[in-house]
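Undergrad: Mind folding the following:
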Amino acid sequence: MSKLKVTDVRSIEKLNYLKAYEINYKTKSGNDAKWELISRAGLDRLESEIYHKKRYSDGVMVFAVDETRTKVAMLKEFRVSAGGYVYMFPAGLINAGEALDETAKREFFEETGLTLELIHLSPARYVSVGIVNECVNVAFGYYSGTASKENQEDKEDAEIVFVDKAMAQKILNEEDVTIRSAQLLEHYFDLNPFMAISKKSL
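TA: Just a heads-up that it's a prediction; the model follows:
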């Protein structure tokens, strides 16, 4: 059982850590419509994304494997919004002035105690384009060292787990897991039966 505990859920009019926006647009038939969106960033960024197609990164998610490439490092983390534990890959936000590779290595160490050998960094991509404009990069590489929770923050409760193919299948079938993490597990361990059919037909 987690030491973290949800004590109250209520509706609020003003957000403290996120910003809410209303976007007006025209439908295909010319009717007026509105879209509601939340963001970590200010209006200038949102306008530059919409009108000038600029892209930003808010953070990095880390997909790290052992040297045999048979296990991946994940977190079984208590998430307040879910009210329970969710399997996910280590991730975190970029600090001001920090390079993406530095963010990946710092966040991975803080959450797992492990060292990341960064091999590849994906472009920034939207997390959930329906309600937020948050974008993250995925850092791929190898982990080494001894797992530790010592650097996790007081508001974090995350067990470090090393997932092989059998455990990945169990997580996908029985546990709460974020969609991005699920898709990476399916792809890496070849666990999506529909994709397996597609591969055979190539």
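Undergrad: contacts and neighbour counts: CA atoms only from here.
TA: Fine.
Undergrad: ok, residues contacting the helix ranked longest in the chain?
TA: In the chain, taking DSSP state H as the definition, the longest helix is helix 100-112. Outside helix 100-112, the residues that touch it by Cα atoms under 8 Å, 6 or more residues apart in numbering are 59-62, 90-95, 114-118, 121, 139, 147-152, 158, 160.
Undergrad: Among those residues, name the ones in strands.
TA: 59-62, 91-93, 115-118, 121, 139, 158, 160 (DSSP state E).
Undergrad: Quickly note the distance from the residue nearest to residue 54 when sequence neighbours are not counted to residue 55.
TA: Leaving aside its sequence neighbours, residue 54 sits nearest to residue 48 (Cα to Cα, 6 or more residues apart in numbering; 5.7 Å). Separation of residue 48 from residue 55 (Cα to Cα, to the nearest Å) stands at 8 Å.
Undergrad: Which one of these two is surrounded by more residues?
TA: residue 55 (17 against 13; other Cα atoms under 10 Å).
Undergrad: What's the separation between the residue nearest to residue 54 and residue 144?
TA: The separation that residue 48 has from residue 144, given Cα to Cα, amounts to 40 Å.
Undergrad: rewinding a little: which among the contacts of helix 100-112 count as buried?
TA: Buried by 16 or more other Cα atoms under 10 Å: 59-62, 90-94, 114-118, 121, 139, 147, 149, 152, 158, 160, out of the contacts of helix 100-112.
Undergrad: Quick one: residues contacting residue 66.
TA: 72, 142-144.
Undergrad: Buried members of the residues you listed into PyMOL, please.
TA: Buried residues among the contacts of residue 66 (16+ other Cα under 10 Å), as a PyMOL selection:
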select buried, resi 72+142+143
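Undergrad: Which of the contacts of residue 66 sits closest to residue 167?
TA: residue 72 (10.4 Å; Cα to Cα).
Undergrad: What separation do you get for residue 12 and residue 80?
TA: Residue 12 is 16 Å from residue 80, by Cα to Cα.
Undergrad: So for the two, which residue has more residues nearby?
TA: residue 80 (14 against 7).
Undergrad: what about residue 172, which helix or strand?
TA: helix 165-174 (DSSP states H and E).
Undergrad: Touching that helix from outside, list them.
TA: Contacts of helix 165-174 (Cα under 8 Å, 6+ apart): 70-71, 87, 177, 182, 185-186, 189, 191.
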